[in-house]
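K.L.:
take a look and give me a structure for this.
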Amino acid sequence: MTYRLFEGKEHASTYQKYRFTPPEELKNIILQYLDEKKGRPHGLAVDLGCGTGQNSRLLAPHFREVVGVDISECQLEEARAVAGPSNITYRKGTAEELSFPDCSVDLLTAASAAHWFDQSRFLAEAARVLKPRGCVALLGFSDPSTSLRYQGCGDRLDRLFQEVKQTLLPYTSTRVTLTEGKLEELYSAIPFPDKERQAPHKPTRTYATANGSTQNKHGEATALIERVPVTSSISVRNLVGFIESFSMFQGYKKKDPTAAGELLLNTEKRFLEEMGVESPDTEVEQQLEYFCVLASKPG
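P.N.:
This is a model prediction of the structure:
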């Protein structure tokens, strides 16, 4: 089925204001993989579940054309309202029914969106529209690994953030939990032999082989790659806005708008109290651990 959770105008506006652009580090990993597997030039990139276009705009300088696809017209309106490169267009559509000819796409990507896709239908479409040696790149970040730092109170800020997540847990779709497993189920289902997961790896889960490659616990070839931690500064105001953009917060808000509004106000207040500051524009250091599923269609 297609999940429709981000379509409201207010939610789309919140998404545009507070959602993060994927980091340059991850973009470079994806482009290097595409260079190695398919080579240049890079023609068409299709950004699935593009939302308000953050990932689409990040990719645009590296492709002749980028098309952002999303089911929400409100999200697309927000994306089109942002100044960006002229080689980006946005279309309403889904990852399961792509309006692109066979073997026409160099890169299919999705940023914090692939967990919403119908797995088998999406993979069938990916196999159809990708050029030979074209690539899939499905990226996201691991929410449980999020950490916050401000002077000596980082641990307390982390606890506050996790308390909010616990409050929202009853409104959390099972699809969201797929990101906590770094899309492992989707990775396993990709039919292309050439694939790898760029994610945090524990030594006990990855095994060296005689030729120097690695295998996971199932004996499948994979890459032994370090996690992709990204540290940035974010204001308390924007951190609370980020929470507001969560699908589970929107579910909570739909059920009890008053309680949801109070949760945001109290969360901001508690952050500021722990930090010993008054301005919500005060910045904290935030570290996110990103991951990426990469695959290349056979040539």
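
K.L.:
now Tyr90: which helix or strand?
P.N.:
strand 88-92 (DSSP states H and E).

K.L.:
for that strand, buried residues please.
P.N.:
Neighbour-count burial for strand 88-92 flags Ile88, Tyr90 (criterion: 16 or more other C-beta atoms under 10 Å). No exception for glycine: its C-beta is placed from N, CA and C like everyone else's.

K.L.:
what's the top strand by length along the chain packed up against?
P.N.:
With secondary structure taken from DSSP state E, the chain has its longest strand at strand 130-149. The helices and strands touching strand 130-149, judged by 3 or more C-beta pairs under 8 Å, 6 or more residues apart in numbering; DSSP states H and E, are helix 24-37, strand 105-111, helix 154-168, strand 283-296.

K.L.:
what pairs with it, parallel or antiparallel?
P.N.:
Strand pairing for strand 130-149, determined by DSSP bridges: strand 105-111 (parallel), strand 283-296 (antiparallel).

K.L.:
let me know the angle separating the longest one from helix 24-37.
P.N.:
Going back to what we said before, that points to strand 283-296. Using axes from the mean of the first three to the mean of the last three C-alpha atoms, to 10 degrees, the direction of strand 283-296 lies 10 degrees away from that of helix 24-37.

K.L.:
cool, the first one as well?
P.N.:
Angle of strand 105-111 versus helix 24-37, following the same axes, to 10 degrees, is 150 degrees.

K.L.:
residues in contact with strand 105-111?
P.N.:
22, 30, 34, 38, 42-51, 54-55, 59, 63, 95, 117, 126, 129-131, 134-140 (C-beta atoms under 8 Å, 6 or more residues apart in numbering).

K.L.:
filter these down to the buried ones and hand me the PyMOL line.
P.N.:
Filtering these down to the buried ones (16+ other C-beta under 10 Å) takes a single PyMOL command:
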select buried, resi 22+30+34+38+42+44+45+46+47+48+49+50+51+54+55+59+63+95+117+126+129+130+131+134+135+136+137+138+139+140
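
K.L.:
what about stretch 243-260, average pLDDT?
P.N.:
Average pLDDT, stretch 243-260: 89.

K.L.:
mind listing the helices for this structure?
P.N.:
9-18, 24-37, 54-59, 73-81, 119-129, 154-168, 184-189, 236-244, 247-255, 257-275 (DSSP state H).

K.L.:
residues making contact with the longest one?
P.N.:
The contact list for helix 257-275 (C-beta under 8 Å, 6+ apart) reads 150-151, 153, 156-157, 160, 164, 167, 236-237, 239-240, 243-244, 249, 252-253, 278-280, 282, 284.

K.L.:
who touches the residue nearest to Lys37 when sequence neighbours are not counted in this structure?
P.N.:
Distance criterion C-beta to C-beta, 6 or more residues apart in numbering; nearest residue to Lys37, sequence neighbours excluded, is Ser296 at 3.9 Å. Each residue near Ser296 by C-beta under 8 Å, 6+ apart is listed here: Tyr33, Lys37, Lys38, Arg133, Gly134, Cys135, Val136, Phe192, Asp194, Lys195.

K.L.:
appreciated, that's everything.
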